[in-house]
Structure formats: structure tokens, C-alpha cells
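Asks: Sharing a model prediction with you, sequence too.
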Amino acid sequence: MEPLRISAVSYLNTFPFVYGIQSSSYRDHFRLHLDVPSLCAERMKKGEADVALVPAGALPTLDEFTLVPGFCIGAVKEVKTVLLLSQHPLDQIHTIYLDFDSRTSVELVKILARHHWNIQPDYKKLIPGEAAALDPDKTLVAIGDKTFTLRPKYRYVYDLATEWIDFTGLPFVFAVWVVRPEVPTDALLPLTEALRYGISNIPKCLEHFSDRLPRGVDCRSYLDDNISYTFDKDKRRGMEKFLQFLV
């Protein structure tokens, strides 16, 4: 059997998944390619990946797929790395700059602005890499590890997972594992075992990636307390609620 072609994300919150894929006893079953979230879905659409960690907001762009059960990148409280950053309170925000890296966060902030915060800002897209260097006088949606260094530059920090939970009472799912329908079920068994291995061995994961961890961040607490990896019924309901807004 050919190795599964996997597209995933190389952020701190996905390190446990990546560690499991690279370090479990099943590692020879996979060929891993690391991307930013927005490109994982593109690889699936182009047939360049058999399995991908796809942003929830990109699911409607896929023609056919099956969810890999049990695992996701989710939040049941503040997530800390998906933020609206501003020097102004919500009712004074007129323009929001959007991080290239994640369609889900872009769609989420638009939903919250319209239905929860009752504001109507203009939106401007940023090119790859531009978010980290944006003038801090501008309001920005930022995701990923760069938020740890960006956060102190802004007076107002809105955690988008917290805002969604306040709005809906449901958890938020940022990304799910999806598989192309032609991939046989038995080929996924090594993957699910590898993912389970990764999230069950977070201390080993952090030691493995020690040279890539953001400085000054309690990474163990972040992975244990702010990221929720189990795709359960409540998270499915939260994701379905989010997808209803995209129709």
C-alpha cells in the first residue's frame, strides 16, 4: 500500500498531530507535507493529498470528502492564537485587515461582526507574511504562533473562540481531518493511531520540537488547556452552526 499523502499545518497547536505522524510506530505509512491552513484545502482539491487538516471554513469548497472521526483543532474556551487585535473598542472599528493564513478565522470574524458585535467594518486582505509586519494602528485578524508576539502591541484583544462561545454557547472547531472518499477505511487506522499517539504524548512532543517553540510561552499549558483535540458531539454541533452561517 502506498503511503498516505498528508497535508497538515506546522503551528504550535498542531505539533502533537505532526509529532504523532512523524514519530509513532506507523510513521512509514505516511508522506507528510506541511502548509499554512489555507493551502491544506487546496491540496485536497487538486488531488495532491489523500488526507488533510482542513480549516472548517474551507469545507464548503471541497466537492467530496469524509471526516476522519475523533480528532480536530478545537476550543471550548479561549484559544489564544486566533485573535482580533485593535487599538480601538469594537464600536470604533471601521476596517479589519485579514490574515492570509486561515479562511476559517476570516469567516468567523465576519459572522461575529454582523451577528454578535453588530458592526459593519470594511475588510482588506493581506498577502502572505504581511500580518506580522502590519502597522499596529490597524485592526487585524491574526492566527497562529505570531499572535504571541503581536498581542502585546494592541490595546484591545478579542479572542475569537471566546466570542463565538459567548455568541452561540457552543465550542468552535477551527480545523478537521478530512480524507478523500476513495481512500479505503483500513488505510486510516494507522493515521488515527498516530494522531492519538501524538496528543497522548504532549511532553515528548514539546521536547521533540523544543527548538521551534515560541519563546516566553507556556506551551504545555497552551496545548493542554486552550486547544481541544477531541471531535465530539458538541464540537460537531458547533461546526455545523458555523457552516450554516456560510450558506
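Replies: Alright, I've got the coordinates.
Asks: Ranking helices and strands of this structure by mean pLDDT, which lands last?
Replies: Scoring the helices and strands of the chain by mean pLDDT, DSSP states H and E places helix 37-45 at the bottom, with a mean of 86.
Asks: Tell me which other helices or strands that one touches.
Replies: If you count contacts as 3 or more Cβ pairs under 8 Å, 6 or more residues apart in numbering; DSSP states H and E, helix 37-45 packs onto strand 4-9, strand 51-55, helix 103-112, strand 172-179. All C-beta spots, glycine's among them, are computed from the backbone N, C-alpha and C.
Asks: buried sites along that helix?
Replies: By neighbour count on 16 or more other Cβ atoms under 10 Å, the buried set for helix 37-45 is 37-44.
Asks: and which of those residues is nearest S105?
Replies: P37 (8.7 Å; Cβ to Cβ).
Asks: rewinding a little: residues in contact with the least confident helix or strand of the chain?
Replies: Helix 37-45 is contacted by residues 7-9, 33, 35, 49, 52-55, 58-59, 61-63, 65, 100-104, 143, 175, 178, 180 when judged by Cβ atoms under 8 Å, 6 or more residues apart in numbering.
Asks: which residues in this protein form strands?
Replies: 4-9, 30-35, 51-55, 66-75, 82-86, 95-98, 122-125, 139-143, 156-159, 172-179, 228-230 (DSSP state E).
Asks: just those strands: most buried one?
Replies: Burial of these is given as mean neighbour count (mean count of other Cβ atoms under 10 Å); strand 51-55 ranks first at a mean of 29.
Asks: For it, which outside residues touch it?
Replies: 4-9, 14, 17, 37-38, 40-41, 43-44, 62, 65, 68, 73, 102-104, 174-180, 183, 188, 191.
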